[in-house]
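Novice: Kindly return the folded structure for what I paste below:
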Amino acid sequence: MAHEGRRLILVRHSLPEFVTGMPASQWHLSAEGRRRCRQLAERLAAHDLAVIVTSKEPKAIETGQILAEMLGVGLQVASGLHEQERRVVTDMGRQEQFRAQVVRFFERPDELVMGYETAEQAHTRFHAAVAGVVEQHPTTNLAIVSHGTVITLLIAHANHLDPVLLWQSLGLPAFAALSLPDLRLLNLAENV
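Specialist: The predicted model follows:
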């Protein structure tokens with residue numbers, strides 16, 4: 001039986017160091033990103049978290065490490081929580097082109113718009129990974145540190161929201177508090 005009032009906090013990782021010529025999946029946090037994690041931990045303290053689980057990407061792990069240390073909770077890394085599979089090498093001069101691709105990704109969920117996963121495939125994979133993490137922690141509040149597009153897909157699908165507007169609103173970092181087991185959006189902190 002599910003525990004009443006249990007929450008899942010989905011955290012978008014903090015600000016990375018943008019490295020032209022390197023896939024975003026390999027980026028680490030910037031100094032400003034690490035500083036923002038301290039503010040994020042202060043905001044998350046009220047959620048009575050028992051554990052923080054992160055994707056395997058460095059910027060998510062580093063965000064989770066800072067949060068776990070500051071909140072005094074356990075840290076785990078899990079498979080399937082990574083960003084939509086794409087090996088995009090970012091050219092900071094082409095950010096508008098990237099944003100337009102992401103909008104098309106959300107608007108055409110069953111088409112392969114960019115990378116190696118459609119929006120539907122990314123949502124299915126991420127949702128299954130989140131469900132697995134929640135199942136491993138059946139009685140506690142927990143946080144998952146992940147990435148903008150997959151977090152957007154999960155929240156938008158479960159709450160019938162426009163994914164483009166939601167994705168555009170998420171800062172680095174940001175978090176959403178969801179009720180369990182129904183994933184109803186309780187609170188959205190778009191910029192921390």
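Novice: Only the buried residues of the longest helix along the chain, if you could.
Specialist: Looking only at the chain and at elements set by DSSP state H, the helix with the highest residue count is helix 119-136. With burial defined by 16 or more other Cβ atoms under 10 Å, the residues of helix 119-136 counted as buried are 119, 121-123, 125-127, 129-130, 133-134. Glycine gets a C-beta too; all of them are placed from N, C-alpha and C.
Novice: And stretch 42-52, by the same measure?
Specialist: Taking 16+ other Cβ under 10 Å as the neighbour-count basis, stretch 42-52 is seen to contain the buried residues 44, 47, 49, 51-52.
Novice: What is the end-to-end distance of that stretch?
Specialist: Across stretch 42-52, the straight-line distance between its terminal residues is 15 Å, by Cα to Cα, to the nearest Å.
Novice: hang on, the earlier thing: what is the helix or strand following the longest helix of the chain packed up against?
Specialist: Sequence order places strand 141-146 as the next helix or strand after helix 119-136, per DSSP states H and E. Counting by 3 or more Cβ pairs under 8 Å, 6 or more residues apart in numbering; DSSP states H and E, the packing neighbours recorded for strand 141-146 are strand 7-12, strand 49-54, helix 58-71, helix 119-136.
Novice: Of all these, which one comes closest to Arg34?
Specialist: Closest to Arg34 of the helices and strands packed on strand 141-146, according to Cβ to Cβ: helix 58-71, at 6.3 Å.
Novice: looking at this, Glu85 is in a strand?
Specialist: No. Inclusion of Glu85 in a strand is not indicated when DSSP: H, G, I helix; E, B strand; the rest coil is applied; the result is coil.
Novice: so what's the backbone phi/psi at it?
Specialist: Dihedral angles of Glu85 (phi, psi; degrees, to the nearest 10) stand at phi -70, psi 110.
Novice: What residues does it make contact with?
Specialist: Taking Cβ atoms under 8 Å, 6 or more residues apart in numbering as the contact definition, Glu85 lies against 115-117, 122.
Novice: do Glu107 as well
Specialist: Residues in contact with Glu107 (Cβ under 8 Å, 6+ apart) are Val164.
Novice: still on that earlier bit, just checking, what packs against the longest helix of the chain?
Specialist: Helices and strands touching helix 119-136, by 3+ Cβ pairs under 8 Å, 6+ apart, are strand 7-12, strand 141-146, helix 148-159.
Novice: Toward the C-terminus, what is the element adjacent to the last one?
Specialist: Heading C-terminal from helix 148-159, the first helix or strand you meet, by DSSP H and E, is helix 163-169.
Novice: and that next one, average pLDDT?
Specialist: Per-residue pLDDT values across helix 163-169 average out to 96.
Novice: what does that helix contact?
Specialist: Under the contact criterion Cβ under 8 Å, 6+ apart, helix 163-169 has outside partners 102-103, 106-107, 119, 148-149, 152-153, 155-156, 188, 190.
Novice: May I see the buried residues of that helix?
Specialist: 163-164, 166-167.
Novice: circling back: between the contacts of Glu85, which is nearest Leu178?
Specialist: Within the contacts of Glu85, the smallest distance to Leu178 is 17.9 Å, found for Ala122 (Cβ to Cβ).
Novice: That's all I had, so thanks and see you.
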